[in-house]
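J.: can't give you the sequence, but here's the structure:
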C-alpha cells in the first residue's frame with residue numbers, strides 16, 4: 001500500500017510542476033505599432049521638390065513638398081486683374097461724369113445765361129418802346145415769351161450740370177460692389193488652390209517612408225510620405241484567455257525588448273471583446289493554437305520603434 005502511494009505521488013509530481021510552471025509563466029507577447037499618417041496632396045500634379053527625406057524630423061507647418069503650380073499662378077493673376085477692373089468701374093461710377101462731360105455741361109449753362117441776359121435786355125427795351133407806342137402788344141408778347149424761354153433754358157442747363165456731377169444711381173453702385181465682391185471671392189479661391197500646391201507637415205513627426213520623389217506624379221491616391229507623429233507609438237499585446245480577468249484596462253505592465261530602456265512601462269488602454277487565435281507572428285511551441293485577446297497599451301515614455309517585439313509582465 002505504501003509503495004502504491006509513493007508511486008502515485010511520483011507520477012503526480014511532474015504534473016504538479018507543469019501546472020506550477022504554467023501558472024508562473026505570466027509573460028505576455030506583443031509588438032510596438034505606429035499610428036502613421038499618410039501624406040498626399042489634395043489635387044493631382046507633378047512633384048517639383050520634396051523638402052524632407054526618410055528619417056528627417058519635421059515640425060508642424062514645415063514644407064514637405066511642392067507641386068507644379070503654373071495654372072494656379074495664372075488663375076490668381078487673372079482673378080486679381082478682374083478685381084482691379086471692377087474697382088475701377090466702381091470708382092468711375094462713384095465719381096459721376098468725366099471731366100469733359102462736366103465741362104460741356106458748364107458751357108451749355110454759360111450759353112444759356114448769356115441768352116437769358118440778352119432776352120432780359122430785349123424785354124426791357126421792348127417794354128419802353130411799347131410804352132411810347134412804337135411797338136404793338138403782339139411784338140411785346142413775343143419778346144416776353146422769348147425771355148421766359150431763356151429763363152427756363154438756364155434752369156434746365158443748371159439742373160443738367162448738377163446731374164452730371166452726381167455719382168451713379170444707388171442700384172448701379174450696389175451692382176458694381178457685388179461685382180467686386182465676386183471678383184474677390186474668385187481671387188481667394190485661386191489663392192487657396194495655389195497654396196494647396198505646397199503641402200506642409202500637419203504635426204511634429206518623423207519621416208518614416210518617402211513614397212514618391214521630384215518629377216513623379218502625386219495626388220489623393222498617390223501619397224508622398226508616411227509620417228510617424230511624436231508619441232504615436234503604442235503597444236499591441238495578446239492576452240491569453242485565462243489571464244484576461246487579471247489584466248483589466250488600466251493595468252500597468254513592465255516592458256522588455258532590445259530597444260527598450262530599463263523600467264519602461266505601458267498601461268492597457270483597450271481590450272478587444274472577441275478572442276482570436278494567436279497571430280502567426282507570435283507562433284511558438286507554447287503559443288500557437290491558443291485563444292488570445294488583442295489589447296492596446298500606452299507607453300509611459302520613450303516608446304521603441306514600430307515593429308519591435310515586446311515581452312511584458314505585470315508591474316509590481
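T.: Received, thanks. All of these numbers come straight from a predicted model, not from anything done at the bench.
J.: Wait, residue 256 touches residue 311, no?
T.: Yes: counting by C-beta atoms under 8 Å, residue 256 touches residue 311, with 4.9 Å between them. From N, CA and C alone the C-beta is placed, and that goes for glycine too.
J.: Show me where the stretch 201-316 of the chain has its strands.
T.: Counting by DSSP state E, counting those that start in this stretch, the stretch 201-316 of the chain has these strands, from start to end: 205-210, 217-218, 225-229, 233-240, 252-256, 265-271, 276-277, 291-299, 309-314.
J.: of the ones you listed, which approaches residue 101 most closely?
T.: Smallest distance to residue 101 across those (C-beta to C-beta): 57.1 Å, for strand 217-218.
J.: rewinding a little: for residue 136, find the nearest of the strands of the stretch 201-316 of the chain.
T.: Closest among the strands of the stretch 201-316 of the chain, using C-beta to C-beta: strand 217-218, at 100.0 Å.
J.: how much space between residue 79 and residue 196?
T.: Using C-beta to C-beta, to the nearest Å, residue 79 is found at 15 Å from residue 196.
J.: So between the two, which is more surrounded?
T.: Per other C-beta atoms under 10 Å, whichever of residue 79 and residue 196 has more neighbours is residue 79, with 18 against 15.
J.: in the helix or strand hosting that one, what counts as buried?
T.: In this assignment (DSSP states H and E), residue 79 forms part of helix 70-95. Neighbour counts using 16 or more other C-beta atoms under 10 Å place 72, 75-76, 79-80, 82-83, 86-87, 89-90, 93 of helix 70-95 among the buried residues.
J.: Could you pull up the mean pLDDT of it?
T.: Averaging pLDDT along helix 70-95 gives 89.
J.: which secondary structure elements does that helix contact?
T.: In this structure, helix 70-95 makes packing contacts with helix 170-195, judged by 3 or more C-beta pairs under 8 Å, 6 or more residues apart in numbering; DSSP states H and E.
J.: Now do the helix it packs on against helix 70-95, angle only.
T.: Here the directions of helix 170-195 and helix 70-95 differ by 160 degrees (axes from the mean of the first three to the mean of the last three C-alpha atoms, to 10 degrees).
J.: Tell me which helix or strand comes right after helix 170-195.
T.: strand 198-200.
J.: Pull out the buried positions in that next one.
T.: Under 16+ other C-beta under 10 Å, the buried positions of strand 198-200 are 198-199.
J.: in its sheet, what does it sit against?
T.: Applying DSSP bridges, strand 198-200 is found paired with strand 63-67 (antiparallel).
J.: List of residues touching the strand it pairs with?
T.: Outside strand 63-67, the residues that touch it by C-beta atoms under 8 Å, 6 or more residues apart in numbering are 39, 41, 43, 45-52, 58, 197-201, 218, 224-225.
J.: For the nearest residue to residue 302 once chain neighbours are set aside, give its distance to residue 47.
T.: Among residues not flanking residue 302 along the chain, residue 261 sits closest, at 5.3 Å (C-beta to C-beta, 6 or more residues apart in numbering). For residue 261, the distance to residue 47 equals 39 Å [C-beta to C-beta].
J.: what's the answer for residue 309, then?
T.: 36 Å.
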